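> here are the coordinates; sequence isn't available:
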């Protein structure tokens, strides 16, 4: 800390990426932001920069399609932004909607469009999720590859893979803001559509005039209204920068969405919800004797569970391995490369062991996205183990302050086969 203080304000205490893994992960991230504030690094050059939007450069941003429609009068079914006033009401929390599908309160959810997402692979305890979905009248999956959710859905809307699809415009904010879009590298080989084609096609079938019969050029022109940018400007590189120079703004120039319009250590929203603004540290529960905390992560080759059946990527990495500490492997008689059984309460699977010193002795680790059970995914079928299937009851282990699920508070048994 003294070294950081000496170098301040050109320092960063990184607030974390994918920190929603424990019951106190929100506080971990919030504490990091507060440390940055105390070091004076927020907004400082070499510190934690403030994100700029087009308006900060005197430019108009893209028009939003949501503005074509009236704002919903009812609050979100998951309670985010209303009963859960400390949770952002924009993105919300999808797993809380699953409880509403069961209870019907505050109002029934009968249709669920899962857009380019695979909850049965991404969230814990997929069998419990399927049970919560039983009250749905319609489950639709928009996907560019087979997935557990698509296989379980009533309707599958096939989306083109990334080289075959184009997109609406998007804005990337930062020290320098720019607009960009994806163009097709090739025409679709099969009967697939870009996501904008799927959405506009549904709008036309439903009689939603605002998006019916639109071409991609129509959508781009609407988005670019009053921006001073044309579609022609994107032809060279697919992007248009809204400024030539980065812009640094100090914390004194900013007004935050708090009562004081400043960064607040004590926040009334959390306090009113019975959640402390500054939570004393509590060590996570230790694994019971003979068990391990199950941890997971990504790798550079695969995109979550979407690409493990891809012929080229499957050839590079066809299964995941269970990382286990050298000392624990020795106790269990496990050698590097042995197949082991990993599971909980009788469930689980067989996976090859990777014996290493680079994992905590109390935990085991695996790359997420493996353990597929769909016959159509012939290359990925039965290869490795799915970590989320080992997280029984995981839908109820939530970080109450931040809303994320505590995905690494589960314990497993490991034994040599």
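Thanks, I have the structure now. Small disclaimer: the values here were computed from a predicted structure and weren't measured. Numbers count the residues shown, from 1 in each chain.

> Flag the shaky bits of the stretch 251-400 of the chain, pLDDT-wise.
Within the stretch 251-400 of the chain, no stretch has pLDDT under 70.

> Give me the helices and strands touching the host helix or strand of residue 355, please.
If you go by DSSP states H and E, residue 355 is part of strand 347-356. Helices and strands touching strand 347-356, by 3 or more CB pairs under 8 Å, 6 or more residues apart in numbering; DSSP states H and E, are strand 321-325, helix 326-332, strand 339-344. Bear in mind the C-beta positions are built from the backbone N, C-alpha and C, glycine included.

> so which of the ones you listed is the most packed in?
Of all the helices and strands packed on strand 347-356, strand 321-325 carries the top mean neighbour count, a mean of 23, counting by mean count of other CB atoms under 10 Å.

> Can you check what angle separates that one from strand 347-356?
Relative orientation of strand 321-325 versus strand 347-356 (axes from the mean of the first three to the mean of the last three CA atoms, to 10 degrees): 60 degrees.

> distance between strand 321-325 and the chain's centre?
Offset of strand 321-325 from its chain centre (CA atoms, centre = their mean, to the nearest Å): 25 Å.

> who touches that strand?
By CB atoms under 8 Å, 6 or more residues apart in numbering, the residues outside strand 321-325 that reach it are 292, 334, 340, 342, 351-361, 364-367, 384-385, 414.

> Filter those down to the buried ones.
Buried subset of the contacts of strand 321-325 (neighbour count, 16 or more other CB atoms under 10 Å): 292, 334, 340, 342, 351, 353-355, 359, 364-367, 384-385, 414.

> Let me see the ranges of the helices in the stretch 151-300 of the chain.
Here the stretch 151-300 of the chain has its helices, by DSSP state H, counting those that start in this stretch, at 195-206, 216-223, 268-272.

> Could you dump those helices into JSON lines with mean neighbour count and distance to residue 184 added?
Listed next are the helices of the stretch 151-300 of the chain as JSON lines, based on neighbours: other CB atoms under 10 Å; distance: least, CB to CB, whole Å:
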{"stretch": "helix 195-206", "mean neighbour count": "17", "distance to residue 184": "11"}
{"stretch": "helix 216-223", "mean neighbour count": "17", "distance to residue 184": "10"}
{"stretch": "helix 268-272", "mean neighbour count": "14", "distance to residue 184": "44"}
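
> quick one: which of the ones you listed is nearest residue 36?
For the helices of the stretch 151-300 of the chain, the distance to residue 36 is smallest for helix 268-272, at 18.9 Å, taking CB to CB.

> related to what we said a few turns ago, could I get the helices and strands packed on strand 347-356 in a markdown table, plus columns for distance to residue 35?
A markdown table is the format used below for the helices and strands packed on strand 347-356 (distance: least, CB to CB, whole Å):
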| stretch | distance to residue 35 |
| --- | --- |
| strand 321-325 | 30 |
| helix 326-332 | 34 |
| strand 339-344 | 36 |
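
> Which among those is found nearest to residue 72?
So among the helices and strands packed on strand 347-356, strand 339-344 is nearest, using CB to CB, at 40.3 Å.

> Can you list the residue ranges for strands in the protein?
Under the criterion DSSP state E, the chain contains strands at 111-115, 138-143, 155-158, 170-172, 178-180, 239-241, 292-297, 321-325, 339-344, 347-356, 363-367, 411-416.

> Can you add distance to residue 124 and give the ones you listed back as a markdown table?
A markdown table is the format used below for the strands of the chain (distance: least, CB to CB, whole Å):
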| stretch | distance to residue 124 |
| --- | --- |
| strand 111-115 | 17 |
| strand 138-143 | 19 |
| strand 155-158 | 24 |
| strand 170-172 | 30 |
| strand 178-180 | 34 |
| strand 239-241 | 38 |
| strand 292-297 | 10 |
| strand 321-325 | 18 |
| strand 339-344 | 12 |
| strand 347-356 | 12 |
| strand 363-367 | 14 |
| strand 411-416 | 13 |
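
> Now do stretch 390-398: everything it contacts.
Contacts of stretch 390-398 (CB under 8 Å, 6+ apart): 23, 95, 98, 123-125, 128-129, 132, 294, 342-345, 347-348, 388, 404-407, 409-410, 412.

> I'd like the distance from that stretch to the chain centre, please.
17 Å.

> Check stretch 384-397 too.
So, by CA atoms, centre = their mean, the centroid of stretch 384-397 is 16 Å from its chain's centroid.

> Tell me the pLDDT of residue 20.
pLDDT recorded at residue 20 is 69.

> And the chain, what are its domain boundaries?
Listed by automatic domain parsing, the domain ranges of the chain are 2-49+250-272, 54-241, 292-416.

> how many neighbours does the closest residue to residue 383 other than its chain neighbours have?
Among residues not flanking residue 383 along the chain, residue 319 sits closest, at 4.1 Å (CB to CB, 6 or more residues apart in numbering). By other CB atoms under 10 Å, 17 other residues sit near residue 319.

> Residue 319 reaches residue 352, doesn't it?
Yes: checked against CB atoms under 8 Å, the pair residue 319 and residue 352 is within contact range at 6.8 Å.

> max-length helix in this protein?
Longest among the helix segments of the chain by residue count, using DSSP state H, is helix 25-39.

> Which among the helices and strands packed on strand 347-356 is found nearest to residue 4?
Of all those, strand 321-325 comes closest under CB to CB, at 30.8 Å.

> angle of the closest one against strand 363-367?
160 degrees.

> in the sheet, who's paired with the closest residue to residue 198 other than its chain neighbours?
Spatial nearest neighbour of residue 198, chain neighbours left out: residue 157 (5.3 Å); criterion: CB to CB, 6+ apart. Per DSSP bridges, the residues bridged to residue 157 are residue 142.
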